[in-house]
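Q: need a 3D model of the sequence below.
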Amino acid sequence: MTTMKSFIPISPESHFSLQNLPYGVFKPSQAEEARPGVAIGECVLDLSMLSRAGLFKGPLLSGSDCFLQPSLNAFMAMGRPAWKEARATIQKLLSVNEPALRDNAELQKNALFPMSQVQLMLPAVIGDYTDFLTSKNHIKNCGMILRGPEYRIPSNWLYLPEAYHGRASSVVISGTNIHRPRGQKRPLGKPAPEFGPSAKLDFELEMAMLVGPGNELGASVNVDDADDHIFGLVLMNDWSARDIQAWESQPLGPFLGKSFGTSISPWIVTLDALEPFSCEALIQDPPPLPYLAGKGCKSYDIPLEVSIRPTGEDKASVICKSNFKHLYWTIEQQLAHHTINGCNLRPGDLLGSGTISGPEPDSVGCLLELSLDGKNIVKLGNNLNRTFLEDGDEVILTACCQGDGYKVGFGTCSGKILPAIS
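A: Numbering: from 1, shown residues only. Next comes the predicted model:
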C-alpha cells in the first residue's frame, strides 16, 4: 500500500500525519476567536477558513456552519457520515496531488498556522464528565496495596464497567498548572482527621472518549452501535489526592480527592484514524451479560508513556510504559452501559477510561501503584526520587501508534504542580 503524502512537509516522527488528522480548537492569537482546526505535521489547519472558502462540498457539510463555531460540539453532533465526509475532504485538500490548497498561497497564509504559535483550547464544551474503572490490573494492584494480599476483585466489577460522575468544570487543557489540593485526611493510627495540603498527590494515566451524537433521555445505545456515538479519544490525567480520597471515599466514593483538576490533551484522534491499530480485546471471564456482549469485542493497540520533569531539570524521566489494550472493558461497553438505564449522553461529554495499568511493574499507571503507596522509591534521573508528586513536578503523558511509514499520535497531555493556595 502506498503511503499517502501531503504537500506540507511532515517528519516521519510527527504524531500528526496525513493518516491521523486529529481535531482540536485553537486561537491564532490571544485576541482572535476560537475556531476548529486539524493538526498536520507542525501546523494547524483552520477549518473555518476552509469552510468560508467553500471547500467542504459534500452533501452533509456543504452550507453547514459546524466549523464556524468556537467548539467542535456541533460537528460532533452530526455523526459518523459527516465525520467521514470531512476526513476525506481534508485528506484530499492536504494531499500532494490536490491543487485547491496546495496552489493557493493566499488561502495557505490564512488557513495554516505554526502549531508553536497558536493557543490550543479545550476542543469541546464538556457538559458532563464520567470516569470509569476499567483496568483489571489497576483495581487488583490498588486493592492488594491498600487492603493486603488477600484482596479479591469484587464480583460485580467483573460484570459491569464501574464509574463515578466527575466534575466537568475542572477539566482543563494540557499545559494548565494544577494547585496542590487541600482537604481532610487522617494520618495512619490517628483517631481524627486533620486539614491541610495533600501529601500524596498522584497522576493517573488515562484515555477518554468524547461523545458524538447523544441519546434521548430514557433510550439506550446498543453496544454494537456505540462506535457511531464516539467522536474520538484524547489523553487524560485524572489528578488524584490519595490521602484525601482515602478518608472521604467511604461510603459514597471520590469527591474532593478528584475534583480539583483533570487534564486532557488538545487533539481528538478519531476512531477512523485508529482503525489500523485495532486489536482483539481481553477475554472477559465471566462472559458479559447480553447487552454488553455485542457481535465483536475490540480494543486499540496504543502505546502510552508517562514521564516526570522536576523543577530545574531539563530532561523528563520516563517512569511508566503501558498500553490502551490492557483495559478489560472496551469503550463501546463503557458507553453502552452508561446509557442502559436511560441516561442521556450529549455531544462533547467526556468519558474517562480509568487508570490504564499493564501486567508488568513498570506498566502501571499511577504513583500509588509504582511506589506501593509510598513504601517504595520511584527513581528519576539525576539521582532524584519520588513516592508521590512534589511541587514543581511536571507530569507528561504521551501516546503514539506506529504505522507503515507514519505515526498516529495524540501529542502530549501535561501539567505542572503548584503549591497549595493558602
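Q: contacts and neighbour counts: CA atoms only from here.
A: Will do.
Q: buried stuff in the longest strand along the chain?
A: Counting by DSSP state E, the longest strand found in the chain is strand 407-418. Buried positions in strand 407-418, judged by neighbour count with 16 or more other C-alpha atoms under 10 Å: Lys407, Val408, Gly409, Phe410, Gly411, Thr412, Cys413, Ser414, Gly415, Lys416, Ile417, Leu418.
Q: now for those residues: which two are most distant?
A: For the buried residues of strand 407-418, the farthest-apart pair by C-alpha to C-alpha is Lys407 and Leu418; their separation is 33.4 Å.
Q: my guess is Thr134 contacts Lys325. True?
A: No. With contact defined as C-alpha atoms under 8 Å, Thr134 does not count as touching Lys325 (11.1 Å).
Q: so those two - more neighbours on which side?
A: Thr134 (27 against 23; other C-alpha atoms under 10 Å).
Q: check contacts around the more buried one.
A: By C-alpha atoms under 8 Å, 6 or more residues apart in numbering, Thr134 lies in contact with Pro161, Glu162, Leu327, Tyr328, Trp329, Ser353, Gly354, Thr355, Ile356.
Q: now the strands for the stretch 251-400 of the chain?
A: Assigned strands in the stretch 251-400 of the chain, in chain order: 262-264, 278-280, 298-300, 303-309, 317-323, 350-352, 378-379, 385-386, 394-402 (criterion: DSSP state E, counting those that start in this stretch).
Q: figure out which of those strands is closest to Lys190.
A: strand 385-386 (24.8 Å).
Q: SS state for Leu55?
A: coil (DSSP: H, G, I helix; E, B strand; the rest coil).
Q: pull out the buried residues from stretch 35-53.
A: Counting neighbours by 16+ other C-alpha under 10 Å, the buried set in stretch 35-53 is 35-51.
Q: I should have written stretch 281-296 there, sorry.
A: Ala281, Leu292.
Q: got a list of contacts for it?
A: 158-160, 222-224, 297-300, 325-328, 330, 333, 336-337.
Q: again, only using 10 Å
A: Residues outside stretch 281-296 that contact it (C-alpha atoms under 10 Å, 6 or more residues apart in numbering) are 155, 158-161, 221-225, 280, 297-301, 325-330, 332-337, 340.
Q: circling back: mutual contacts of Thr134 and Lys325, please.
A: The contact lists of Thr134 and Lys325 share Ile356, Ser357, where a contact means C-alpha under 10 Å, 6+ apart.
Q: all helices for this structure, in order.
A: 47-52, 73-77, 80-94, 99-102, 105-111, 136-147, 242-248, 271-274, 290-293, 331-339, 367-370 (DSSP state H).
Q: out of those, which gets nearest to Pro191?
A: Going by C-alpha to C-alpha, the one of the helices of the chain nearest Pro191 is helix 242-248, 11.8 Å.
Q: name whatever forms a beta bridge with Leu45.
A: Residues in a beta bridge with Leu45, per DSSP bridges, are Val38, Leu112.
Q: go ahead and confirm it touches Asn110.
A: Yes. With contact defined as C-alpha atoms under 10 Å, Leu45 and Asn110 form a contacting pair (9.3 Å).
Q: surely Ala74 is in contact with Phe67?
A: Yes. With contacts counted by C-alpha under 10 Å, Ala74 reaches Phe67, the gap being 8.1 Å.
Q: got a list of what Leu72 touches?
A: Contacts of Leu72 (C-alpha under 10 Å, 6+ apart): 23-25, 35-37, 66, 122-125, 212, 347-348.
Q: residue ranges with poor pLDDT in the stretch 101-250 of the chain?
A: Counting by pLDDT under 70, the stretch 101-250 of the chain shows no low-confidence range.
Q: all strands for it, in order.
A: Counting by DSSP E, counting those that start in this stretch, the strands of the stretch 101-250 of the chain are 112-114, 119-121, 129-133, 162-165, 171-173, 178-179, 182-185, 194-197, 201-202, 205-211, 230-237, 240-241.
Q: right, and the ones you listed - which one's nearest Ile145?
A: Of those, nearest to Ile145 by C-alpha to C-alpha is strand 201-202, at 15.1 Å.
Q: identify the residues contacting that closest one?
A: Contacts for strand 201-202 (C-alpha under 10 Å, 6+ apart): 180-181, 237-244, 257, 366-368, 387-391, 395, 417.
Q: okay, now Cys279: neighbour count?
A: Around Cys279 there are 14 residues (other C-alpha under 10 Å).
Q: cool, and Leu252?
A: 8.
Q: repeat that for Tyr328.
A: Neighbour number of Tyr328 under other C-alpha under 10 Å is 20.
Q: going forward, begin numbering at 28 instead of 1
A: Fine by me, first position is 28 from now on; the one you just mentioned is Tyr355.
Q: so it sits right up against Lys163, yeah?
A: Yes. The criterion here is C-alpha under 10 Å, and Tyr355 meets it with Lys163 at 6.0 Å.
Q: surely Asp389 touches Lys348?
A: Yes. Taking C-alpha under 10 Å as the definition, Asp389 is a contact partner of Lys348 at 6.4 Å.
Q: and the two? Which one has more around it.
A: Using other C-alpha under 10 Å as the criterion, Asp389 and Lys348 rank with Lys348 on top: 22 against 15.
Q: who touches that one in this structure?
A: Neighbours of Lys348 in contact, by C-alpha under 10 Å, 6+ apart: 232, 330-334, 384-385, 387-392, 424-426.
Q: next one: Ala447
A: Per C-alpha under 10 Å, 6+ apart, neighbours of Ala447: Ile205, His206, Arg207, Pro208, Arg209, Gly223, Pro224, Ser225, Asp418.
Q: count the residues that sit near the nearest residue to it once chain neighbours are set aside.
A: Nearest non-adjacent residue to Ala447, counting by C-alpha to C-alpha, 6 or more residues apart in numbering: Arg207, 4.4 Å away. By the criterion of other C-alpha under 10 Å, Arg207 has 24 neighbours.
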